[in-house]
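> sequence plus the predicted model coming up.
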Amino acid sequence: MTVTPRGGSIAPSMLGIAHAGPLDTARRHRLELLDSIHEFERAIAVPSADPDWRRRVSLRLERLREAFAEHVSVTEGATGLYAEVLVAAPRLARTVGVLVREHSMITRTLDALTERLVGVPVDAERFRNWASDLLRELSRHRQRGADLVYEAYATDIGGET
């Protein structure tokens, strides 16, 4: 996506560019991450007496882990969104650093939740508390990411709920 001087944007296809850039890729993956977050929320909300609760939560947590790993992949690295942001707005380097550190923290939390579902039976209420903490941090992280993009490009990447 190319940003015009007035803050509008031009789709890559309008410029004769065959592939989407990091911003467009991040937009697509942002929606996929949100879908996996919602699926995980719904899974943990099912009554834990349901005999399929643990398996369902485990499957949704694995999907969330995969979606978050993809988020990290499309935002970090030499061709990721953050590299593009730093070219467009070097003043945002500190914010990018915060988001990268959050990636590590959220990944560790996802791993810890996964470990808690393996083997020893987990207290569902306790697990939901841990999961709720993670979901709040994911929400904050997504908002900080949207704020970063807005600051860099003066454009919104999607205010979906």
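Okay, I see it.
> got the residue ranges for the strands in the protein?
Under the criterion DSSP state E, strands of the chain are mapped to 2-3, 9-10.
> what's the average pLDDT for the last one?
The reference is to strand 9-10. Summarised as a single mean, pLDDT over strand 9-10 is 44.
> what do you get for stretch 59-78?
Rounded mean pLDDT across stretch 59-78 is 95.
> please identify the buried residues of it?
Neighbour-count burial for stretch 59-78, counted by 16 or more other Cβ atoms under 10 Å, picks out 60-61, 63-65, 67-68, 70-72, 74-76. Any C-beta I mention is one placed from the backbone N, CA and C, and that applies to glycine too.
> CA atoms of that stretch as PDB?
The C-alpha coordinates for stretch 59-78 follow below in PDB (Å, rounded to 0.1, in the frame of the first residue of the first chain):
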ATOM      1  CA  LEU A  59      -7.200 -27.200  19.500                       C
ATOM      2  CA  ARG A  60      -8.200 -23.500  19.600                       C
ATOM      3  CA  LEU A  61      -5.100 -22.600  21.600                       C
ATOM      4  CA  GLU A  62      -2.900 -24.300  19.000                       C
ATOM      5  CA  ARG A  63      -4.600 -22.400  16.300                       C
ATOM      6  CA  LEU A  64      -4.000 -19.200  18.200                       C
ATOM      7  CA  ARG A  65      -0.400 -20.100  18.700                       C
ATOM      8  CA  GLU A  66       0.000 -20.600  14.900                       C
ATOM      9  CA  ALA A  67      -1.800 -17.400  14.100                       C
ATOM     10  CA  PHE A  68       0.400 -15.500  16.500                       C
ATOM     11  CA  ALA A  69       3.500 -17.100  15.100                       C
ATOM     12  CA  GLU A  70       2.400 -15.900  11.700                       C
ATOM     13  CA  HIS A  71       1.800 -12.400  13.100                       C
ATOM     14  CA  VAL A  72       5.400 -12.400  14.300                       C
ATOM     15  CA  SER A  73       6.600 -13.600  11.000                       C
ATOM     16  CA  VAL A  74       4.800 -10.900   9.000                       C
ATOM     17  CA  THR A  75       5.800  -8.100  11.300                       C
ATOM     18  CA  GLU A  76       9.400  -8.800  12.200                       C
ATOM     19  CA  GLY A  77      12.400  -9.400  10.000                       C
ATOM     20  CA  ALA A  78      14.100  -7.600   7.100                       C
END
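> let's number from 798 now, not from 1
Got it, the first residue is 798 from now on, which makes the last one we talked about stretch 856-875.
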